[in-house]
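[1] Model the structure of this input:
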Amino acid sequence: PAWPQILANKYPQLKISSENFGGLTLVQSINKLNAIDPVDVVILHFGTSIGWPSAVVDLGNKFGMDFHNEFAFHQPPVKSKKHGYSLLKHKFKMHLRNLIKYFLFIFGLYKPRINPREIGDQISAVLGLAEGKARQVIWIQHQTIRNQRTRVERHYYKNFYNRIVAEIRDKKPVWLELLELPDSFVIPENYLHDAVHLSELGHQRLAALVEGLL
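    Numbering: from 1, shown residues only. Next up is the predicted model:
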């Protein structure tokens, strides 16, 4: 079970409901928040995936990448267990992907789809709506394992995460709690093999962190 269900199982006397939306952006969350009824506590769990525009969709899957997917350039987070020719082929594809990334980056074609300068306004809009929906709001800012990404990606992801956290801290009202996943949490055992979604143990540990704020 995910961390909301873990809390619901532990406290059956409380009415706890949750909804999951893959790739939900700050702007998209406004409509979701607007649709809920007033509650005691709203917990927002946002990822830090910034996404990348697909600049060469016509290439299709030729190099093992679905260019119709904005996350097509993402590399596997763990080392391959393949051997021999399969391992060489796997490494070739990985190096080719990174080469394409750097090539597109140099020409300004490989960049985040979200403008960092708009983050502050988007956060203000989400918090303004959340304030009218609950007496307490908890904002969870997710972190992913980034050790298999290129230096360019790690730079962007780190800056994007820090920008969000800084904006929330700057605006932080008394009714808002910000939960950052500490570096001690961002370890392989807390994540699935995609290095993004939480493992069973990760959900249990996050549930404990959230419980500490309630």
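[2] Following the helix or strand bottoming out on mean pLDDT in the chain in sequence, what is the next regular element?
    In the chain, no helix or strand scores lower on mean pLDDT, DSSP states H and E than helix 84-106, which sits at a mean of 76. Next helix or strand after helix 84-106 toward the C-terminus (DSSP states H and E): helix 119-131.
[3] Summarise which helices and strands that next one is packed against.
    The elements that helix 119-131 packs onto, with contact taken as 3 or more CB pairs under 8 Å, 6 or more residues apart in numbering; DSSP states H and E, are helix 26-34, strand 39-46, strand 134-141, helix 151-171. All C-beta atoms are positioned from the backbone trio N, CA, C, and that covers glycine.
[4] just how off-centre is that helix within its chain?
    What separates the centre of helix 119-131 from the centre of its chain is 18 Å, taken as CA atoms, centre = their mean, to the nearest Å.
[5] what stretches of the protein score poorly on pLDDT?
    For the chain, applying pLDDT under 70 flags the ranges 49-83, 109-114, 147-149.
[6] try it again with 90
    1, 19-28, 47-119, 143-164, 171-173, 180-183, 188, 192-197, 214 (pLDDT under 90).
[7] Tell me if I'm right that residue 42 and residue 131 touch.
    No: with contact defined as CB atoms under 8 Å, residue 42 does not count as touching residue 131 (9.3 Å).
[8] So those two - more neighbours on which side?
    Remark: of residue 42 and residue 131, residue 42 carries more neighbours, 19 against 14, as counted by other CB atoms under 10 Å.
[9] Please list all residues in contact with that one.
    33, 36, 130, 133, 134, 136, 137, 138 (CB atoms under 8 Å, 6 or more residues apart in numbering).
[10] so what's it closest to, chain neighbours aside?
    Excluding the flanking residues, the one nearest residue 42 by CB to CB, 6 or more residues apart in numbering is residue 134, at 4.0 Å.
[11] circling back to that earlier point, distance from the chain centre to the least confident helix or strand of the chain, please.
    Relative to the mean C-alpha coordinate of its chain, helix 84-106 is positioned 24 Å out (CA atoms, centre = their mean).
[12] which of the residues in it are buried?
    90, 93, 97, 98, 100, 101, 104, 105 (16 or more other CB atoms under 10 Å).
[13] that older thread, residues in a beta bridge with the residue nearest to residue 42, which ones?
    Per DSSP bridges, the residues bridged to residue 134 are residue 39.
[14] switch to numbering from 48
    I'll keep to 48 as the first residue from here, and by that count the last item is residue 181.
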